[in-house]
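In: sequence first, then the predicted structure:
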Amino acid sequence: MRGAAAYGRVSVESNVLSASPHQLISMLFDGAQSAIRAAKLHMANGNVEEKGKSIGKALDIVTMGLLAALDKEKGGELAERLESIYEYVATLLLKANARNDEKLLDEAAQLLNEIGSAWKEIGQQAAAAQGA
């Protein structure tokens, strides 16, 4: 089992090292969603410690990844709106952890999914335009 975990870490590290900035943000969205799914599973199983770790991981991704990556100078109003949404998602995650509320996790996941899907679509369109 340890070998599989080590292989997974190497695979993730390789993906990060070879990823474009756009792909890195996509990976952050995927990681946040994965952490929220894990938190819901731990919540359902009554595993408070692991639920807290998973929510903490999602929170770190949102605040130290997505929120920190915003360029307010270049992004203008869009960056400001995303900042508000990411701050709201962070609040949802904190409340979900404190209240053991799966609905708040669902709301956070839905918001991240909408933004993440749009982000990935932009990346596909940009890649198609470069290939043309």
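Out: Nice, I can see it.
In: which residue ranges of the protein form helices?
Out: Assigned by DSSP state H, the helices in the chain fall at 2-18, 21-44, 48-60, 68-69, 72-99, 102-131.
In: weakest of those by average pLDDT?
Out: Here the lowest mean pLDDT among those goes to helix 2-18, at a mean of 55.
In: just give me the residue closest to the centre of this structure.
Out: Centre of the chain computed as the mean C-alpha position; nearest residue by Cα atoms, centre = their mean is residue 32, 2.7 Å away.
In: now do the contacts for it.
Out: Neighbour list for residue 32: 58, 61, 62, 65, 66, 112 [criterion: Cβ atoms under 8 Å, 6 or more residues apart in numbering]. No exception for glycine: its C-beta is placed from N, CA and C like everyone else's.
In: one more: residue 86?
Out: Contacts for residue 86 (Cβ under 8 Å, 6+ apart) come out as 62, 63, 66, 67, 70.
In: of the residues you listed, which is the most crowded?
Out: For these, the largest number of neighbours (other Cβ atoms under 10 Å) sits with residue 62, at 28 neighbours.
In: what's near enough to touch it?
Out: For residue 62, the residues meeting the contact criterion (Cβ under 8 Å, 6+ apart) are 32, 86, 89, 90, 93, 112.
In: one more time with 7 Å, if that's ok
Out: Contacts were defined as Cβ atoms under 7 Å, 6 or more residues apart in numbering; by that measure residue 62 touches 32, 86, 89, 90.
In: identify the residue spatially nearest to the residue nearest to the centre of the chain, adjacent ones excluded.
Out: Across the structure, with Cβ to Cβ, 6 or more residues apart in numbering as the measure, the residue nearest residue 32 apart from its sequence neighbours is residue 61 (4.3 Å).
In: and that neighbour, how many residues sit next to it?
Out: Under the neighbour criterion other Cβ under 10 Å, residue 61 is assigned a count of 23.
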